[in-house]
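**Q** What shape does this take:
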Amino acid sequence: MVSVLEENGSIRKQNRTEELLFKIKEGTEMSFSQQLKLVLYLSIPAVMAQITSIIMQYIDASMVGRLGAAKSASIGLVSSSTWLFGGLCTAATAGFTVQVAQLIGAGKEKEARAVLKQALLVTMLFSVFLTMIGIAVSFPLPGWLGAEDAVRGDATHYFRIYIFSLPAIQLSLLAGGMLQCSGNMRTPSLLNILMCGMDVMFNALLIFPSHSLSVFGHMVMVPGAGLGVAGAALGTAIAECVTAVLMLRALIFRSPSLDIRKETGWKIDRECMKKAVRIAVPVGCEHALMSGAMVVSTRIVAPLGTIAIAANSFAVTAESLCYMPGYGIADAAATLVGQSLGAGRRELVRRFSHLTVYLGMAVMAVTGAVMFLAAPFMLALLTPDPEIQQLGVHVLRIEAFAEPLFAASIVVSGALRGAGDTLIPSIMNFVSIWFVRLTLAAYLSVSFGLTGVWIAMCIELCFRGVIFLFRLRGERWMK
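**A** Purely as a prediction, here's the structure:
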């Protein structure tokens, strides 16, 4: 009975979301409360999915952390490289989701489905190409990053398994992005939460060897493969593959506006490809340059020793609990701005962009305060090593002060992406990270070690937030 009521409640909420989105397309005037409700209806599922994803990363990191500092460092070492490849897949997705959001806002659903078909073909070919590159660099990569011999083998295994799952990651990103830009935040959010649960389950079975566990006074044998770091990567890869299939099924069979079974033919349209390239290339360059900066940052941290590498990795994981809600709100901002711009309603573009930015800054101000106070508990969950805990807590508390302005850069970037404005934001990110963060990190790490690296990060995030707020205020991006 309870489950039926919950299901009916979620259906009513989804219907309310669709009704409010329809007001955008039909040109109906929307009150402030309706705008705020729509922002919340779209943001909350995305934020919950992001938070669940971070909880999954916490559990993963905690599992690997029990294997020792060297094992943790092996994953932390290649994390920036995995972000690079994942970011390129995200960029390929953005090239098409922005077009679909604007077409749906304009009421051109047939054209939106045509774009989706082309997106499926092009992005899958792109992900296979990336996989081939990743396999080629997987062996020498840890050495390029300056890793110690003790972590190179595990780092290579982890990265290589991740790379093999790239096509599934690309498909999941594309299907989820298409659902979101059509206004359906609930389905991809629920599927991402399911993926987190599967990831934890698979990791528990694959990381550790078989062992006995006491349950209510009875010893129970828990099976395990004992694969260590490779098991963590394999568990995540399996969860990604299952989620990709479910996400694609939801897109094709459950989305009224994007059911490609209604259309025939898979023709590639030159104009669609030109728009996709114009949007995706700056985003891809941005991800490449930002991830490249993380690789350089990792190279700066690597000589500081295994403890510093592990503390840096765990602190990054802990901080992500604060900033991932910002990315959820940014997804909502991209959808609302894209559909409003497609409908030719510039006043709504302005209102939704400001509403989402203010919401993101408020949420991340709160999460930043929580992170500052709960830093010792957060690091204790991730690793039992007292040295790693102490250093991780110290740098994490430095970063807490940058969270509100970090939120501004995240959400403004999402709103600009919904308008198709990707070139200028990419240049802004490049200048901020490469000329502010890395320059300061290289200089401060000499005297202050890992603390100096994180002071540089805090300063850069505040600078980036300010320049993005200026970009939003100028409104030239709407043109």
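**Q** To what extent is residue 470 buried, counted in neighbours?
**A** A count of nearby residues for residue 470, using other Cβ atoms under 10 Å, gives 11. (C-beta placed from N, C-alpha, C; glycine too.)
**Q** actually residue 95, sorry about that
**A** 27.
**Q** can you tell me which residues contact it?
**A** 119, 275, 276, 277, 278, 279, 280, 281, 283 (Cβ atoms under 8 Å, 6 or more residues apart in numbering).
**Q** For the second one, give me the pLDDT.
**A** So that's residue 275. As predicted, residue 275 sits at a pLDDT of 91.
**Q** Check which residues of the one helix or strand it maps to are buried.
**A** Per DSSP states H and E, residue 275 falls inside helix 270-301. Across helix 270-301, burial judged by 16 or more other Cβ atoms under 10 Å covers 272, 275-276, 279-301.
**Q** where do the helices sit along the stretch 201-350 of the chain?
**A** 229-254, 270-301, 306-342, 346-382 (DSSP state H, counting those that start in this stretch).
**Q** Minimum distance to residue 50: which of those has it?
**A** Of all the helices of the stretch 201-350 of the chain, helix 306-342 sits nearest to residue 50, with 3.7 Å by Cβ to Cβ.
**Q** so where's the stretch 51-200 of the chain shaky on pLDDT?
**A** 52-61 (pLDDT under 70).
**Q** hey, where'd the helices end up in it?
**A** 69-105, 109-137, 141-144, 149-164, 166-181, 186-207.
**Q** For those helices, could you give me a markdown table that also reports distance to residue 358?
**A** A markdown table is the format used below for the helices of the stretch 51-200 of the chain (distance: least, Cβ to Cβ, whole Å):
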| stretch | distance to residue 358 |
| --- | --- |
| helix 69-105 | 22 |
| helix 109-137 | 30 |
| helix 141-144 | 41 |
| helix 149-164 | 36 |
| helix 166-181 | 21 |
| helix 186-207 | 22 |
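**Q** Out of those, which is closest to residue 438?
**A** helix 69-105 (12.4 Å).
**Q** Helix 306-342 and the closest one, what's the angle between them?
**A** 0 degrees (axes from the mean of the first three to the mean of the last three Cα atoms, to 10 degrees).
**Q** and of the helices of the stretch 51-200 of the chain, who's closest to residue 430?
**A** Among the helices of the stretch 51-200 of the chain, helix 69-105 sits nearest to residue 430 (Cβ to Cβ), with 13.4 Å.
**Q** quick one, the closest one and helix 229-254 angle?
**A** Using the same axes, to 10 degrees: helix 69-105 against helix 229-254 is 10 degrees.
**Q** quick one: buried residues of helix 69-105?
**A** In helix 69-105, counting by 16+ other Cβ under 10 Å, buried: 69, 71-105.
**Q** likewise stretch 30-50?
**A** 30, 35, 38-50.
**Q** returning to what we had before: so can I have JSON lines of the contacts of residue 95 showing distance to residue 229?
**A** Shown next, in JSON lines, are the contacts of residue 95 (distance: Cβ to Cβ, whole Å):
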{"residue": "119", "distance to residue 229": "34"}
{"residue": "275", "distance to residue 229": "41"}
{"residue": "276", "distance to residue 229": "36"}
{"residue": "277", "distance to residue 229": "37"}
{"residue": "278", "distance to residue 229": "40"}
{"residue": "279", "distance to residue 229": "36"}
{"residue": "280", "distance to residue 229": "32"}
{"residue": "281", "distance to residue 229": "34"}
{"residue": "283", "distance to residue 229": "31"}
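**Q** give the contact list for residue 257.
**A** 104, 109, 112, 113, 182.
**Q** An error on my part: the question was meant for residue 253.
**A** Counted by Cβ under 8 Å, 6+ apart, residue 253 has contacts residue 259.
**Q** One more: residue 228?
**A** 67, 71, 154, 207.
**Q** and the two most separated of these?
**A** Maximum distance among the contacts of residue 228 (Cβ to Cβ): 11.8 Å, for 154 and 207.
**Q** where do the contact lists of these two overlap?
**A** The contact lists of residue 154 and residue 207 share 228, 229, where a contact means Cβ under 8 Å, 6+ apart.
**Q** and the angle for the strand or helix carrying residue 44 with helix 149-164?
**A** When elements are assigned from DSSP H and E, residue 44 belongs to helix 32-65. Angle of helix 32-65 versus helix 149-164, following the same axes, to 10 degrees, is 130 degrees.
**Q** Report the distance from helix 32-65 to the chain centre.
**A** Offset of helix 32-65 from its chain centre (Cα atoms, centre = their mean, to the nearest Å): 10 Å.
**Q** What is the burial count for residue 205?
**A** What residue 205 shows, counting by other Cβ under 10 Å, is a neighbour count of 18.
**Q** Next one, pLDDT for the closest residue to it other than its chain neighbours please.
**A** Distances taken as Cβ to Cβ, 6 or more residues apart in numbering place residue 224 nearest to residue 205, at 5.9 Å, with adjacent residues excluded. Among the per-residue scores, residue 224 holds a pLDDT of 78.
**Q** Now do residue 188 against residue 45, distance only.
**A** Noted for residue 188: a distance of 8 Å to residue 45, by Cβ to Cβ, to the nearest Å.
**Q** mind listing what residue 440 touches?
**A** 452, 455, 456, 459, 460.
**Q** my read is it is in a helix, agree?
**A** Yes. Assessed with DSSP: H, G, I helix; E, B strand; the rest coil, residue 440 lies in a helix.
**Q** Find me the pLDDT at it, would you?
**A** According to the model, residue 440 scores 94 on pLDDT.
**Q** any idea how far it lies from residue 408?
**A** 20 Å.
**Q** same deal with residue 353?
**A** Taken as Cβ to Cβ, the span from residue 353 to residue 408 is 11 Å.
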